[in-house]
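*Asks:* missing the sequence, but the structure's below:
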Ligand SMILES: *Cc1c(COP(=O)(O)O)cnc(C)c1O
């Protein structure tokens, strides 16, 4: 017999999962109903409405894929791409690289446009690739491996002018910064439940523009993935309610409550809170002499990636944060492994007490490792932002 399950209570300040809102945890334990129960069908309708309001779109085809953010990536790519289609992917970190792999597996002829990690793309960077008239252009709005915040509006306009469809990764951005699907003209977008939505991992909100739906409905070939074929999923999420797969009922309850929490706070207030806590954390980290990896002026509020100071042990520091202070942060991915820490302030985790606790803990751990620090300076710097 295995022991009873007693997970420790952590403060989740990494790249996701983030701290789960208590109301979301409570919702997960509500009675399970059938996936065609009238109550559940109503819940799905409300869920879709709240997702549209968060994505700022009227797109009828807006729903949650029953899997994590990567399945959202896969769902948007495999539905828009047919074997031999040309796709441009912008790569400046791990998730652009992943999108390239997904697109190639779907049979796309992929052209990558690359920038150094931490930098963002301008229209000029994409112009040469757009001349080849791709069908789809994929870009990551919040590159969680570098902390870079990619502006979308100008690129969306250029992609549209080139006659291509724009596919946006909003896994980390949705719920933390404004995402304007209709106003910017995004054709396909996906997110994940465990970043700024503060819900456990397991659902991937997606939305497709009418133009993208047209492209899906007029394919020459069947979508390569049965599970992620949105033309079939639309029959379940739409008015026909045709069984496709058994929806993860209780996860939908969790996402439902997570969206209620966000809309109750209000989108503007929610984005302002993310911005304020980021400013406070940044002031504290700067006081400790830590530098951000993202290009100046393009630092994400919900994902703060900083260079690890010389002489400081990455694994030791993160283990001590976890064991002594109960705080999880992320290490570097790919090219940034061992060189970068990723500190998340996502959704419910974006709170002043998390910022102040983390800075106090980090200051202690760095000074134990011989970094010369003005005691209390980082917490004071953060507090001055709050005042
Ligand atoms: C986390 C993340 C993903 C992948 O999501 P999973 O839920 O881990 O599958 C994709 N893109 C970005 C930008 C992410 O941060």
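*Replies:* Structure's in. What do you need? This one's a predicted model, so the numbers in the text were calculated from it and none came from an experiment.
*Asks:* where does stretch 156-170 sit relative to the chain's centre, distance-wise?
*Replies:* Centroid separation for stretch 156-170 versus its chain: 19 Å, with Cα atoms, centre = their mean, to the nearest Å.
*Asks:* hmm, that stretch in reach of the ligand?
*Replies:* Yes. Using Cβ under 6 Å from any ligand atom, stretch 156-170 comes into contact with the ligand via residue 169. Just so you know, the C-beta spots here come from the backbone N, C-alpha and C atoms, and that holds for glycine as well.
*Asks:* Mean confidence (pLDDT) on that stretch, please.
*Replies:* On average, the pLDDT along stretch 156-170 is 98.
*Asks:* Ends of it, what's the gap?
*Replies:* 14 Å (Cα to Cα, to the nearest Å).
*Asks:* can you check stretch 202-219 too?
*Replies:* So stretch 202-219: terminal residues 29 Å apart, Cα to Cα.
*Asks:* Would you mind listing the buried residues in stretch 143-157?
*Replies:* Under the neighbour-count criterion of 16 or more other Cβ atoms under 10 Å, stretch 143-157 has 143-150, 152, 155-156 buried.
*Asks:* From the residues you listed, which land in helices?
*Replies:* Residues of these located in helices (DSSP state H): 155-156.
*Asks:* Those residues of the stretch 151-300 of the chain touching the ligand, which are they?
*Replies:* Applying Cβ under 6 Å from any ligand atom, one finds that the stretch 151-300 of the chain approaches the ligand through 169, 171-172, 192, 201.
*Asks:* Looking at this structure, which residue is nearest the ligand?
*Replies:* residue 69 (2.6 Å; Cβ to the nearest ligand atom).
*Asks:* show me the contacts for that residue.
*Replies:* Applying Cβ atoms under 8 Å, 6 or more residues apart in numbering to residue 69 gives the contacts 171, 190-192, 194-195, 201, 204.
*Asks:* Give me the mean pLDDT for stretch 7-14.
*Replies:* Mean pLDDT, computed over stretch 7-14, is 97.
*Asks:* Please apply the same query to stretch 69-86.
*Replies:* Across stretch 69-86, pLDDT averages out at 98.
*Asks:* do the same with stretch 110-124
*Replies:* Rounded mean pLDDT across stretch 110-124 is 98.
*Asks:* Repeat that for stretch 318-325.
*Replies:* Rounded mean pLDDT across stretch 318-325 is 98.
*Asks:* now the buried residues of stretch 143-157 in JSON lines, with distance to residue 291?
*Replies:* Output for those, formatted as JSON lines (distance: Cβ to Cβ, whole Å):
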{"residue": "143", "distance to residue 291": "17"}
{"residue": "144", "distance to residue 291": "18"}
{"residue": "145", "distance to residue 291": "16"}
{"residue": "146", "distance to residue 291": "13"}
{"residue": "147", "distance to residue 291": "11"}
{"residue": "148", "distance to residue 291": "14"}
{"residue": "149", "distance to residue 291": "17"}
{"residue": "150", "distance to residue 291": "20"}
{"residue": "152", "distance to residue 291": "26"}
{"residue": "155", "distance to residue 291": "27"}
{"residue": "156", "distance to residue 291": "31"}
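*Asks:* can you give me the strands for the stretch 151-300 of the chain?
*Replies:* With DSSP state E, counting those that start in this stretch as the criterion, the stretch 151-300 of the chain has strands at 165-169, 188-190, 204-208.
*Asks:* Quick one: the ones you listed as a markdown table, columns for distance to residue 77 and mean neighbour count too.
*Replies:* What follows is these, written out as a markdown table (distance: least, Cβ to Cβ, whole Å; neighbours: other Cβ atoms under 10 Å):
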| stretch | distance to residue 77 | mean neighbour count |
| --- | --- | --- |
| strand 165-169 | 7 | 27 |
| strand 188-190 | 8 | 28 |
| strand 204-208 | 11 | 28 |
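*Asks:* Compare the ones you listed and report which one is nearest to residue 256.
*Replies:* Among the strands of the stretch 151-300 of the chain, strand 204-208 comes nearest to residue 256, with 11.7 Å by Cβ to Cβ.
*Asks:* by contact count, what packs against the closest one?
*Replies:* helix 38-55, strand 62-65, helix 69-80, strand 188-190 (3 or more Cβ pairs under 8 Å, 6 or more residues apart in numbering; DSSP states H and E).
*Asks:* quick one on the thing from earlier: please indicate which of the residues of the stretch 151-300 of the chain next to the ligand are buried?
*Replies:* So, by 16+ other Cβ under 10 Å, the buried ones in those are 169, 171-172, 192.
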